[in-house]
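Asks: Quick one, structure for this:
(chains A and B)
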Number of protein chains: 2
Amino acid sequence: MISQLPGLGYQFKNPELLELALTHRSHGTANNERFEFLGDAILGMVVADVLFQLHPNSPEGDLTRLRAAVVRGETLADIAKNLNLGKYILVGSSEKKTGVIRRRSILADTLEAVFAAVYLDGGIKDVIRVITDLTSKTIAGLPAAGTLKDPKTKLQEWLQARSREVPEYTMIAVRGADHAKEFVVECRLPDEPEISFSATGSSRRRAQQAAAELMLAHLQA
Amino acid sequence: MISQLPGLGYQFKNPELLELALTHRSHGTANNERFEFLGDAILGMVVADVLFQLHPNSPEGDLTRLRAAVVRGETLADIAKNLNLGKYILVGSSEKKTGVIRRRSILADTLEAVFAAVYLDGGIKDVIRVITDLTSKTIAGLPAAGTLKDPKTKLQEWLQARSREVPEYTMIAVRGADHAKEFVVECRLPDEPEISFSATGSSRRRAQQAAAELMLAHLQA
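Replies: From the prediction side, this is the model:
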């Protein structure tokens, strides 16, 4: 049983925690899915904290977008690849290991589980250090917070660059009592009306932004 | 300037942090929105950790649902009301304070900002203690993890109880390379086809669950 991963910068006192973090669900009922839940939350907090300190003048919306760029699966899979994490993942005998460890979402999920294992083994300070170190290059390479555009603006620019019509936003529903309203907005493209994306938010604007984000992700795919 | 909130169980060394946490954006450019971003992430992590320890046998999906029940705006607004937080919120002179502090979303957001202020003033251990104390009643009152149902099941039961048709799930798109696919699924009701909800997920099942959750929230509103 291994007690450390080269490049992680952490030596486990209890190697069983690391082993569980590396165990894919195809391997059995004792697997890393619970660790992934915890690790995802820890990662979100640590990256929020780092960005909060690093960008003292950025508004909340910029911080949210910067964080999303760091904690998304693609970024985590890159970090996991640099750690050669796939080599250590335990998969079920029926699974083709090469296939499993090539899947970037599994690499990303396993990395989150490893963060949870570090937290459970060493505590909050160790996991803050590990995550800060591993994400430092990504964070240093982020675009300036001020240059980030909100999803509605990005969607509009994407469409205009292709001489397409601007999107339509329709309020589908407003729910909840007066003091706790939630808005449901649908985003639809006049020149491609078959597909729509609906999203909720605590204001009309937030719901529109969320719907625009879904639409943009769809178009860029 | 106050340095503590009755019931919070924390004495601020730097009361300016508490004041900023209590400052609604209607009051000026120095407001609590950045704190809210950080506090939300801290809250998510602390509640994840508490639930992870408290339910050692619950799968990831149960933990996710339990956490959502704790960190949702309604729960936070209740906690904020018990703290009488509205009394301390600073709002712009043009705002009617009574209106602002009655809005439950503002109470919830301000509570998150206060968590960030505790973290910035005292560190991670103090904020873990504060959040754990304030959420303990809610967490103790949660239904048993095993009794929680996934959104698809809940949606189907909700519809069947009203003798309505079962929902249809349609795969709208699969995007991304082979190793990092993302699925887009639409949920639609055959007997109410005007409204649909689309959602994304890293598997077909996850996308269906997310779309079912949007639909159910819409129906229950």
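Asks: Just list the residues touching the residue nearest to A:Pro59 when sequence neighbours are not counted, thanks.
Replies: Of all residues not flanking A:Pro59 in the chain, B:Glu33 sits nearest, at 6.5 Å (C-beta to C-beta, 6 or more residues apart in numbering or on different chains). Glycine gets a C-beta too; all of them are placed from N, C-alpha and C. By C-beta atoms under 8 Å, 6 or more residues apart in numbering or on different chains, B:Glu33 lies in contact with A:Pro59, A:Glu60, B:Arg25, B:Ala113.
Asks: just A:Ile79 next, same as before
Replies: A:Leu111, A:Leu134, A:Thr135, A:Thr138.
Asks: next one: A:Thr200
Replies: A:Glu182, A:Phe183, A:Val184, A:Val185, A:Ala207, A:Ala210, B:Leu214, B:Ala217.
Asks: Enumerate the strands of chain A by residue range, in sequence order.
Replies: Taking DSSP state E, the strands of chain A run over residues A:168-175, A:182-189, A:192-201.
Asks: so which of the ones you listed gets nearest A:Pro6?
Replies: strand A:192-201 (41.6 Å; C-beta to C-beta).
Asks: buried sites along the closest one?
Replies: Buried positions in strand A:192-201, judged by neighbour count with 16 or more other C-beta atoms under 10 Å in any protein chain shown: A:Ile195, A:Ser196, A:Phe197, A:Ser198, A:Ala199, A:Thr200, A:Gly201.
Asks: And stretch A:130-139, by the same measure?
Replies: A:Val130, A:Ile131, A:Leu134, A:Thr135, A:Thr138, A:Ile139.
Asks: Turn the contacts of A:Ile79 into a markdown table, including pLDDT and distance to B:Asp121.
Replies: Output for these, formatted as a markdown table (pLDDT from 0 to 100; distance: C-beta to C-beta, whole Å):
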| residue | pLDDT | distance to B:Asp121 |
| --- | --- | --- |
| A:Leu111 | 97 | 31 |
| A:Leu134 | 97 | 28 |
| A:Thr135 | 97 | 25 |
| A:Thr138 | 94 | 29 |
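Asks: From A:Arg65, how far off is the residue nearest to the spatial centre of chain A?
Replies: The residue lying closest to the centre of chain A (C-alpha atoms, centre = their mean) is A:Arg72, at 2.8 Å. In this view, A:Arg72 and A:Arg65 are 11 Å apart by C-beta to C-beta, to the nearest Å.
Asks: same deal with A:Gly44?
Replies: Relative to A:Arg65, A:Gly44 is positioned 14 Å away (C-beta to C-beta).
Asks: swap in A:Phe52?
Replies: 14 Å.
Asks: Regarding the residue nearest to the centre of chain A, what are the backbone dihedral angles?
Replies: phi -70, psi 160 (degrees, to the nearest 10).
Asks: Got the confidence number for it?
Replies: With respect to pLDDT, A:Arg72 scores 86.
Asks: so how far is the longest helix anywhere in chain A off the chain centroid?
Replies: The single longest helix within chain A, with elements called by DSSP state H, is helix A:33-54. Taking C-alpha atoms, centre = their mean, to the nearest Å, one finds helix A:33-54 lying 10 Å from the centre of the chain it belongs to.
Asks: If you count surrounding residues, which of A:Phe52 and A:Arg65 has more?
Replies: Taking neighbours as other C-beta atoms under 10 Å in any protein chain shown, A:Phe52 and A:Arg65 compare with A:Phe52 leading, 22 against 19.
Asks: Excluding chain neighbours, what is closest to that one?
Replies: Closest residue in space to A:Phe52, ignoring its immediate chain neighbours: B:Leu38 at 4.8 Å, by C-beta to C-beta, 6+ apart.
Asks: before we move on, back to that, among the contacts of A:Ile79, which are located in helices?
Replies: Among those, the ones falling in helices (DSSP H) are A:Leu111, A:Leu134, A:Thr135, A:Thr138.
Asks: just checking, the third one touches A:Val70?
Replies: Right, A:Thr135. Yes - shown here, A:Thr135 and A:Val70 form a contact pair, counting by C-beta atoms under 8 Å, at 5.7 Å.
Asks: Name the residues contacting each of the two.
Replies: Counting by C-beta under 8 Å, 6+ apart, the shared contacts of A:Thr135 and A:Val70 are A:Val47.
Asks: So which helix or strand of chain A has the lowest pLDDT on average?
Replies: helix A:97-102 (a mean of 68; mean pLDDT, DSSP states H and E).
Asks: coming back round to it: and the contacts of A:Thr200, which are buried?
Replies: A:Glu182, A:Phe183, A:Val184, A:Val185, A:Ala207, A:Ala210, B:Leu214, B:Ala217.
Asks: And the residues you listed, which is closest to A:Gln11?
Replies: A:Ala210 (41.9 Å).
Asks: Please report how far that closest one lies from chain B.
Replies: 11 Å (C-beta to the nearest C-beta, to the nearest Å).
Asks: Just list the residues touching that residue, thanks.
Replies: A:Pro151, A:Val185, A:Ala199, A:Thr200, A:Gly201.
Asks: Widest-spaced pair of these?
Replies: A:Pro151 and A:Thr200 (14.4 Å).
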